[in-house]
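Chemist: predicted model, plus sequence, below.
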There are 4 protein chains.
Amino acid sequence: MTLQVTVWNENVHEQEEPEVAERYPDGIHGAVAEALAERGFETRTATLQEPEHGLTEDVIDETDVLVWWSHCANDEVSDDVASRVVDAVHEGMGFVPLHSGKNSKPFKRLMGTTCNIKYRHGGETERVWAADPGHPIADGLPESFEIPSTEMYGEPYDIPEPDRTVFISWFEGGEVFRSGVCYRRGRGRIFAFRPGHEEYPILYQDEVQQVIANAVEWAAPTEGSDAVWGEVEPAESTE
Amino acid sequence: MTLQVTVWNENVHEQEEPEVAERYPDGIHGAVAEALAERGFETRTATLQEPEHGLTEDVIDETDVLVWWSHCANDEVSDDVASRVVDAVHEGMGFVPLHSGKNSKPFKRLMGTTCNIKYRHGGETERVWAADPGHPIADGLPESFEIPSTEMYGEPYDIPEPDRTVFISWFEGGEVFRSGVCYRRGRGRIFAFRPGHEEYPILYQDEVQQVIANAVEWAAPTEGSDAVWGEVEPAESTE
Amino acid sequence: MTLQVTVWNENVHEQEEPEVAERYPDGIHGAVAEALAERGFETRTATLQEPEHGLTEDVIDETDVLVWWSHCANDEVSDDVASRVVDAVHEGMGFVPLHSGKNSKPFKRLMGTTCNIKYRHGGETERVWAADPGHPIADGLPESFEIPSTEMYGEPYDIPEPDRTVFISWFEGGEVFRSGVCYRRGRGRIFAFRPGHEEYPILYQDEVQQVIANAVEWAAPTEGSDAVWGEVEPAESTE
Amino acid sequence: MTLQVTVWNENVHEQEEPEVAERYPDGIHGAVAEALAERGFETRTATLQEPEHGLTEDVIDETDVLVWWSHCANDEVSDDVASRVVDAVHEGMGFVPLHSGKNSKPFKRLMGTTCNIKYRHGGETERVWAADPGHPIADGLPESFEIPSTEMYGEPYDIPEPDRTVFISWFEGGEVFRSGVCYRRGRGRIFAFRPGHEEYPILYQDEVQQVIANAVEWAAPTEGSDAVWGEVEPAESTE
């Protein structure tokens, strides 16, 4: 069955910075959604400016995996919508925050940490290494790929120890970063992927698109077993 | 250096239920604090009813490890105090929620999951097994110990996969539960321990007190390394 | 593409104990292979008594997932065949040891621990709980199922902390056990599943067969990324 | 109580290469043992050339933590001595392999993986980042430190997902490496630390010595609980 993917974007830089609008004429959400559609997913987009940020209950109900790009407007996401996303992840929806999506309300609530990093603007080289070559999110990728020009993110990255560290990045300026990390919360799978700064055409890069597509595939909901919570009768005699 | 432990209790059952008041005349907080004092820790107590629930900035600053008992009043804890506890854990304070402390605001925020369980009142037997006999929180304990009469908690327990599962409980009625689980969030160590229902004298039981004391010792802050967050200069030339 | 499953069995009890032979007329391997074939996998079997225990290089090369049942003859498996299995797991072959397969040479080498347990014969009830209801190995299962009569395995189970604890068992006699645990070693996925004693018709039980089938699906090799090991040239100038 | 540390070294480069002998006149083992003695540990040394490689049963019995340096002679360690080390780790002895100690028989047996890496000679810069600033092995360290000239080790590093990734290294030539990783096997704590090539005075560097000392402290045996393995009587009636 075709996976239903919603690509969410705060869509602010595209409105306010002409170079970003020129680079991503359909928005970052448009570029990512198109890349995923080309790879066989059914996609829709949603943005901060729409009612309920485009993430109504209906949209969330129909979403298998939510890809999330955000940066400067993380605080403008309403608490209610953030809770709706978190609840949906607990119920099994996949969640793939890109770039500063690591600072989004849903990701920080799911992690329980500050998600702090160090950073630097300036367009240096990043080399993304597959530290876990057996992971499906690395499917079909070379063991490393280069992003010619990007913002730097550096360790320490204040996240819980990942279930899996799929990618680790090298930066020209001397830093390293766990740029692809996996978690589960409730029934939902989460993959946080570092690349994707709005000042560069990173989201058009083939390897980056491939990672996002692999992550969507990996984060798809699974059936699992029943789970009964609350008060229950004993199965065995307790006399 | 002697560890400074604050034992927090919602202290509601003790006020409202005479049997609980009789069982724990100094409150559950008093019983736990005394047990820890006997084992060499410097202890103080704090309760929901005090201003800022007794967890003022000064108290938190002087606390190495916070032991937390709560049950029916989890929602009455203010968001501000919950945030203060979470922030302190990120900075290194140890956190040891007992029993329904697993439903407390700080624990749920640190986990990022619902922390749902199944449960049953009725006073059945629990046998607590040390699944990780090499863990310091199991120091000096037998490989299992029995709690003669308790409320049941059953799997599935909706928590992130623990860093370490130290104890797993068996219940007379047919359920199992990961009753002692370890996490780290930021610099802080967290150990959630299941036993401790107010209807039974469980918190006077020697093995239970020993586990709590071991957990306090284990959860003590460590120095660690520096961590610089925010914008930084490159260490290497990026020309 | 249909997954190729090899079901390996030491096949000793079936030869030496008439009741086991009667219970499993095609051997435990036959029963498991048939259950998997019915669920859509291509299966073959192999046993200790065949040349190279039936696990020749050709067989291993054609195997996506190896299901392994063993008990009394773990030491009779040759070191060479054990190494071949371990190497194949590193390269991506799935490995699903059942019951005392946890004492097999390949599993112990992959774990790096003793895999010790406590046990008891006597035919008591086991209740298997899905502790991780969001895991694909729990797909389609009830939240718990009962094995009416079985050998007991009890904690502490001397294994590395699992990547995922999917099932935890309750035993009538008072013990608990992590009866379904997941690992990765190299590119290969491993799921050790406790049930399956030869003295009971456990391997005909629908839930048990479903778990094994789910585990085979989960343990299937993935493509992953390239991995270059050994001496390499620098990507960046080191002048 | 003062921790008893044994520093083991294959001690081959020191015999065969005059520059190494000049750099480490007391051997790498001597340099490390002295650094640990200065930090308050009781130390002894042992080398490949001694009977039973200096790791007799008596020595192992008296060792709380074994620090291990090896490189070109990993295969010359006898299987018996390797097993003795592995068994002692299971019983609680700490184990701290340095540099190519990641290829030693004991470490590979404890990991269950190939421990493969990529590498390059040539004396490039390494910057070691504390990815986990809250970890005691990072105590008192800056958030990163530089090793001016070293052999490169690069990802993918074929190890099980670490319990904790304390350090990640950046290399001038474009690679990254998880250079400080924690595991437990049985009761024993393991910390594999990358730095320490024989061609450079790395083991005299203060930060490197501090990491090793911290690791020894962290890897010290703990008491834990009892663990009964083998056949047992039921605690509950199974009638």
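Modeler: Nice, thanks for sending it over.
Chemist: report how many residues lie close to A:Asp61.
Modeler: The number of residues packed around A:Asp61, counting by other CB atoms under 10 Å in any protein chain shown, is 11. Glycine gets a C-beta too; all of them are placed from N, C-alpha and C.
Chemist: do the same with A:Asp87
Modeler: Residues within reach of A:Asp87, counting by other CB under 10 Å, total 15.
Chemist: show me what the helix or strand harbouring it is packed up against.
Modeler: Under DSSP states H and E, the secondary-structure element containing A:Asp87 is helix A:79-91. Contacts defined by 3 or more CB pairs under 8 Å, 6 or more residues apart in numbering or on different chains; DSSP states H and E place helix A:79-91 against helix A:57-61, helix A:105-111, strand A:188-193.
Chemist: out of the ones you listed, flag the one nearest C:Ala35.
Modeler: Using CB to CB as the criterion, the shortest distance between C:Ala35 and those is 28.4 Å, found for strand A:188-193.
Chemist: how far out from the middle of the chain is the closest one?
Modeler: Once both centres are worked out by CA atoms, centre = their mean, to the nearest Å, strand A:188-193 turns out to sit 6 Å from its chain's centre.
Chemist: that older thread, now do the helix holding A:Asp87 against strand A:188-193, angle only.
Modeler: Relative orientation of helix A:79-91 and strand A:188-193, computed by axes from the mean of the first three to the mean of the last three CA atoms, to 10 degrees: 110 degrees.
Chemist: now the next helix or strand after helix A:79-91 against helix A:79-91, angle please.
Modeler: Tracing the chain C-terminally past helix A:79-91 and defining elements by DSSP H and E, one meets strand A:94-98 next. For strand A:94-98 against helix A:79-91, the angle between stretch directions is 130 degrees (the same axes, to 10 degrees).
Chemist: residues in contact with strand A:94-98?
Modeler: For strand A:94-98, the surrounding residues in contact (CB atoms under 8 Å, 6 or more residues apart in numbering or on different chains) are A:32, A:64-70, A:85, A:89, A:104, A:106-107, A:110, A:188-193, A:195-196, A:203, A:212, A:215-216, A:218-221.
Chemist: what do you get if the cut-off is 6 Å, keeping everything else the same?
Modeler: Residues outside strand A:94-98 that contact it (CB atoms under 6 Å, 6 or more residues apart in numbering or on different chains) are A:65-69, A:89, A:104, A:107, A:189-193, A:196, A:215, A:219-220.
Chemist: ok now that strand, how far from the chain's centre?
Modeler: On CA atoms, centre = their mean, the centre of strand A:94-98 falls 2 Å from that of its chain.
Chemist: quick one: average confidence on that strand?
Modeler: The predicted model gives strand A:94-98 an average pLDDT of 98.
Chemist: quick one: strands adjacent to that strand?
Modeler: strand A:65-69 (parallel), strand A:188-193 (parallel) (DSSP bridges).
Chemist: most tightly packed of these?
Modeler: Counting by mean count of other CB atoms under 10 Å in any protein chain shown, strand A:65-69 has the highest mean neighbour count of these, with a mean of 27.
Chemist: what is the rounded mean pLDDT of it?
Modeler: Per-residue pLDDT values over strand A:65-69 give a mean of 98.
Chemist: would you mind measuring from A:Ala88 to A:Leu110?
Modeler: Using CB to CB, to the nearest Å, A:Ala88 is found at 11 Å from A:Leu110.
Chemist: among these two, which residue is more densely surrounded?
Modeler: Shown here are A:Ala88 and A:Leu110; by other CB under 10 Å, A:Leu110 has more neighbours (28 against 23).
Chemist: please name the nearest non-neighbouring residue to that one.
Modeler: Leaving out its chain neighbours, the residue that sits closest to A:Leu110 by CB to CB, 6 or more residues apart in numbering or on different chains is B:Gly112, at 4.2 Å.
Chemist: now for the one you found, how many residues are close by?
Modeler: For B:Gly112, the neighbour count with other CB under 10 Å is 26.
Chemist: what ranges do the strands span in chain A?
Modeler: Assigned strands in chain A, in chain order: A:4-9, A:42-47, A:65-69, A:94-98, A:118-130, A:144-154, A:164-171, A:176-185, A:188-193, A:230-231 (criterion: DSSP state E).
Chemist: circling back to that earlier point, for the strands paired with strand A:94-98, give me JSON lines that also has distance to C:Ser149.
Modeler: Formatted as JSON lines, the strands paired with strand A:94-98 follow (distance: least, CB to CB, whole Å):
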{"stretch": "strand A:65-69", "distance to C:Ser149": "43"}
{"stretch": "strand A:188-193", "distance to C:Ser149": "37"}
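Chemist: can you tell which of these is closest to B:Gly173?
Modeler: Nearest of the strands paired with strand A:94-98 (CB to CB): strand A:188-193, 30.1 Å.
Chemist: touching that closest one from outside, list them.
Modeler: Contacts to strand A:188-193, defined as CB under 6 Å, 6+ apart, come from residues A:89, A:92-98, A:102, A:180-183, A:215, A:219.
Chemist: that one vs strand A:118-130, what angle?
Modeler: Going by the same axes, to 10 degrees, strand A:188-193 makes 110 degrees with strand A:118-130.
Chemist: and the angle for strand A:188-193 with strand A:164-171?
Modeler: Angle of strand A:188-193 versus strand A:164-171, following the same axes, to 10 degrees, is 10 degrees.
Chemist: pLDDT score for A:Thr238?
Modeler: Here, the pLDDT recorded for A:Thr238 equals 79.
Chemist: can you name the residues of chain A sitting close to chain D?
Modeler: Where chain A comes near chain D, counting by CB under 6 Å from any CB of the partner chain, the residues are A:Arg127, A:Trp129, A:Ala131, A:Pro133, A:Glu155, A:Pro156, A:Arg164, A:Ile168, A:Trp170, A:Gly174, A:Val176.
Chemist: hang on, isn't the second one packed against A:Phe145?
Modeler: No - in this structure, A:Trp129 is not within contact of A:Phe145 by CB atoms under 6 Å, at 8.8 Å.
Chemist: quick one, which of these two is more surrounded?
Modeler: A:Trp129 (26 against 20).
Chemist: neighbours of A:Asp75, just the number please.
Modeler: 9.
Chemist: quick check: it vs chain D, distance?
Modeler: Plainly put, A:Asp75 is 26 Å away from chain D if you go by CB to the nearest CB, to the nearest Å.
Chemist: can you check A:Val166 too?
Modeler: Between A:Val166 and chain D the distance, using CB to the nearest CB, works out to 10 Å.
Chemist: do you know the pLDDT at that residue?
Modeler: At A:Val166, the pLDDT recorded in the model is 98.
Chemist: returning to what we had before: between the helix holding A:Asp87 and strand A:176-185, how many degrees?
Modeler: Orientation note: helix A:79-91 sits at an angle of 80 degrees relative to strand A:176-185 (the same axes, to 10 degrees).
Chemist: what's the angle from helix A:79-91 to strand A:4-9?
Modeler: Using the same axes, to 10 degrees, the direction of helix A:79-91 lies 150 degrees away from that of strand A:4-9.
Chemist: quick one: helix A:79-91 to strand A:42-47, angle?
Modeler: Direction vectors for helix A:79-91 and strand A:42-47, defined by the same axes, to 10 degrees, enclose an angle of 150 degrees.
Chemist: contacts for helix A:79-91, please.
Modeler: Under the contact criterion CB under 6 Å, 6+ apart, helix A:79-91 has outside partners A:Glu52, A:His53, A:Leu55, A:Ile60, A:Phe95, A:Lys105, A:Pro106, A:Arg109, A:Arg185, A:Gly186, A:Gly188, B:Thr114.
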